[in-house]
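>>> Just need the structure, nothing else, for what follows:
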Amino acid sequence: MLPNLSKITKQALIFSIYVCVYVNATTSEFEAGDDKIEKRYEVAKFNFVEVANVYSITLWILVGSLAKIGFHLLHKITDKIPESCLLIVIGLLVGALFYATKIADRESYVLNSHTFFLFLLPPIILEAGYFMPNRPFFNNVGTILIFAFLNTIFNTMCIGLTLYGFSFTSLFGGTEFRFIDLMVFASLISSVDPVAVLATFVEINVNDMLYIIVFGESLLNDGVSVVLYRLFYAFAEIGQENIIAVDGVLGSVSFIVVALGGTLIGLIFGVIASFTTKYTEKTPVLEPLVVITIAYLSYLTAEMTSTSSILAVTACGMFMKQYVEFNVSKKSNATIEFILKMAASIMETIIFMFMGLSTISDYHSWNTGFVIVTVVSCCLYRFIGVLIFANLSNLNRLMKLQFADMLIMSYGGIRGAIAFALALVLDENKIPRKKEFVTATIVVVMFTVFIQGTTIGALVKYLKIKRKETEEPTASAKLTNRLIDHVMSSLEVITGISGKNELRNKVRRIDQKYFKPFLLREFMSNDEKLLITFQKINDLNMNKMMATPQISSNSNEVKIPIEIVNEEPASPEVPQRSKRRLTIFPGFGSSPKPKDDLKDILHTAMYNRQRRPTLYTPQDEYSDDDDENNLAQKRRRSRSASVFASNYRRASKINAYRRKSRVNFPQKKLSTDNGNDDQISNISKRSESPELELKENI
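Here you go, the predicted structure:
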């Protein structure tokens, strides 16, 4: 049997070899000088070209995710070095490997500006705008706008003029730089990157005010920097010698149109997203897709119309968050949150890794003087600008920015991938010194990310900057803040001063009157909310009353329910009697949790019908000639009888029970006045409900 088995195995092996050879075999026939190739069926084929791009992207995402997982496992490293720096280091190592082995050309792994602005940047900006804390943002919106617009323009002009001034010296090694080219470079190097700022400030955990000012500035600063970049780049295309005064005026108008146009586009798409989710109740699966797609369309539309796409997607995310989260279901809300967080984290990882990859290449031109002047100018004018405009904003701020805050704000001006991508997109035919600009941009980015990013945490500790409070504000704190808002708004109205509190109330009134009825699926006014809340509490209370009847059907008297607590006997031979306890508040359990005592008491006793004491009214009982003292005495008697009637009934029940039990007890006579004997006798003759009988074991 074994020889047969070996023979079969040998035949199968020969057949498989024949199939493999035959599959890849081709025959060539030559007929009349023409080549004719006859192909056979191929069982399997290696075709990497068709999936190369997608496969590479997937591998980069996987490598970045595994790197972040490894960073979080190594706490000693991540506590000292920011995560963004480690990702850049990995990119540098991989880029050095590619450059040394020549396994890939430069274009395949260098960060493409088209890919960056259309695919990598939008998820990060959308996530930042969607989860932007609106209250701190609008409380500091004046300061944020001052830094985003005025400080950016100040830095751009100062850096450009400084570099142009040093170009006339021998510090740049005789390299000539045109003024308009230097202004283009100054506009892109002045942009504070929100990706790097977000990654750094989240790790150092600064307070909300400082975080929102720096992050809000970086978010709007990018829009302003891109607008300035396009403005000066258009001037470079026209030609420095062909620019006239009209071009400068039109450029200034374009600056305003681009900024406001992007914001308007974002608001329009935010309204569309909110209105669309109003009618997605039957299809909750599509809600996250609709929200994210419309937000991305706002970015693409702004790019299509040459307006600020960063401002557009930021405004869209901030606006639609206020209405979308009330229209969509809870699962959709959680899905939107996790998708945005995941996409932003993945894109941030890819950006930092590609920054390291793009650094290792031959496309550089090192100019020591130009690099040094650029780094010093960025740090110096950042500090001077923050110092000037922070003091300017302090003129109208209640909580002043201190010098330590200014130092952290200037030190937190980290450059990142946006500046690098803007440098890569330059056309070398129009900007002859593109290589010098790219090299200087990489040095500035590496300096701010590695030097400033790694030491800002120690600087925050040294300056004793207030950290962020991790605990959620209590209900008392929220009510106090709302009360202070109303008080401040009232004071502004009384004094005739138009401030932010009155403006906030006007915006709320417009929102309540126009936007919420139009954009929310179920809109309710404050009065309706109170009525619905009261109805829910009342229904809950009625359910408890049905479970344990509390009110007698005879009168307005409050029933005193008796709860019997059966305790376990101490021993089986001597059983103990069950102890009974008097429950004062209906629905109040026999052994409530200590922390819920007050809440349960208020919840159950709030809606109980209490007996109201009847006060004496002297209408038609006494004439005007009655003595004043006699009137006061009768009023006191009437009041005392009505107030202590319940005590008399309780005492009479106890006495009746004692007489039945035939046990002599010392009688305590209830002291009453003679004038109330008739009234007390009438009270004692009332028919008592069986539910009100007091049973007490002695």
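
>>> can you map out the strands along the stretch 101-250 of the chain?
For the stretch 101-250 of the chain, no strands are identified by DSSP state E, counting those that start in this stretch.

>>> where does the stretch 101-250 of the chain dip in pLDDT?
104-109 (pLDDT under 70).

>>> how close does the nearest residue to Leu220 once chain neighbours are set aside sit to Ala315?
Nearest residue to Leu220 in three dimensions, chain neighbours excluded: Ala148, at 3.6 Å (CB to CB, 6 or more residues apart in numbering). All C-beta atoms are positioned from the backbone trio N, CA, C, and that covers glycine. Ala148 sits 13 Å away from Ala315, going by CB to CB, to the nearest Å.

>>> next one: Asn367
40 Å.

>>> is it true that the residue nearest to Leu220 touches Val227?
No - if you go by CB atoms under 8 Å, Ala148 and Val227 don't touch, sitting 11.2 Å apart.

>>> Could you check how far the residue nearest the centre of the chain is from Val202?
For the chain, the residue nearest the mean C-alpha position is Phe131 (3.1 Å; CA atoms, centre = their mean). Separation of Phe131 from Val202 (CB to CB): 12 Å.

>>> number of nearby residues for the residue nearest to Leu220?
As a burial measure, Ala148 scores 24 neighbours (other CB atoms under 10 Å).

>>> Same check on the one 4 residues further on?
Look at Thr152: counted by other CB under 10 Å, it has 24 neighbours.

>>> Tell me, how many residues neighbour the residue lying closest to it once chain neighbours are set aside?
The spatial neighbour of Thr152 that comes closest, neighbours along the chain excluded (CB to CB, 6+ apart), is Val224 at 4.7 Å. For Val224, the count of nearby residues is 27 (other CB under 10 Å).

>>> from memory Val224 sits against Ala259, does it?
Yes - at 6.9 Å, Val224 and Ala259 qualify as touching, with contact defined as CB under 8 Å.

>>> on that earlier part again, quick one: residues contacting the residue nearest to Thr152.
By CB atoms under 8 Å, 6 or more residues apart in numbering, the contact list for Val224 reads 148-149, 152-153, 259.

>>> so how far is stretch 421-429 off the chain centroid?
Here the centre of stretch 421-429 is set off from its chain's centre by 35 Å, with CA atoms, centre = their mean, to the nearest Å.

>>> Please report how far the closest residue to Asn112 other than its chain neighbours lies from Tyr462.
Excluding its sequence neighbours, the residue lying closest to Asn112 (CB to CB, 6+ apart) is Leu424, at 7.6 Å. Distance, Leu424 to Tyr462, using CB to CB: 37 Å.

>>> And those two? Which one has more around it.
Of the pair Leu424 and Tyr462, Leu424 is the one with more neighbours under other CB under 10 Å, namely 19 against 10.

>>> Give me the distance between that one and Val443.
Relative to Val443, and taking CB to CB, Leu424 is found at 15 Å.

>>> With Tyr41 instead?
From Tyr41 to Val443 the distance is 57 Å (CB to CB).

>>> Looking at those two, which is more packed in?
Val443 (17 against 6).

>>> List the contacts of the closest residue to the more buried one other than its chain neighbours.
Ranked by CB to CB, 6+ apart and with sequence neighbours excluded, the top spatial neighbour of Val443 is Val371, at 5.1 Å. Shown in contact with Val371 (CB under 8 Å, 6+ apart): 439-440, 443.

>>> Repeat the analysis, applying 10 Å as the threshold.
436, 439-444, 447 (CB atoms under 10 Å, 6 or more residues apart in numbering).

>>> try Ile88
By CB under 10 Å, 6+ apart, the neighbours of Ile88 are 82, 351-357, 359, 445-446, 449-450.

>>> what's the closest of the residues you listed to Asn53?
Using CB to CB, Phe354 is the member of the contacts of Ile88 that sits closest to Asn53, with 14.4 Å.

>>> Tell me how many other residues surround that closest one.
Neighbour tally, Phe354, other CB under 10 Å: 27.

>>> SS state for it?
Under DSSP: H, G, I helix; E, B strand; the rest coil, Phe354 falls in the helix class.

>>> Please report how far it lies from Lys68.
15 Å.

>>> try Ala417
Counting by CB to CB, the gap from Ala417 to Lys68 is 17 Å.

>>> ok, the two, which is more surrounded?
More neighbours surround Ala417 than the other of Ala417 and Lys68, with 27 against 18 (other CB under 10 Å).

>>> residues contacting the more buried one?
84, 111, 113, 116, 120-121, 124, 193, 195-196, 347-348, 350-352, 354-355, 358, 445, 449.

>>> swap the cut-off to 8 Å and go again
Counted by CB under 8 Å, 6+ apart, Ala417 has contacts 111, 116, 120-121, 193, 195-196, 351-352, 354-355, 445.

>>> can you give me the strands for the protein?
Taking DSSP state E, the strands of the chain run over residues 27-31, 34-38, 562-565, 579-582.

>>> what about the residue lying closest to Val328 once chain neighbours are set aside, neighbour count?
Nearest non-adjacent residue to Val328, counting by CB to CB, 6+ apart: Glu287, 4.3 Å away. Residues near Glu287, counting by other CB under 10 Å, number 22.
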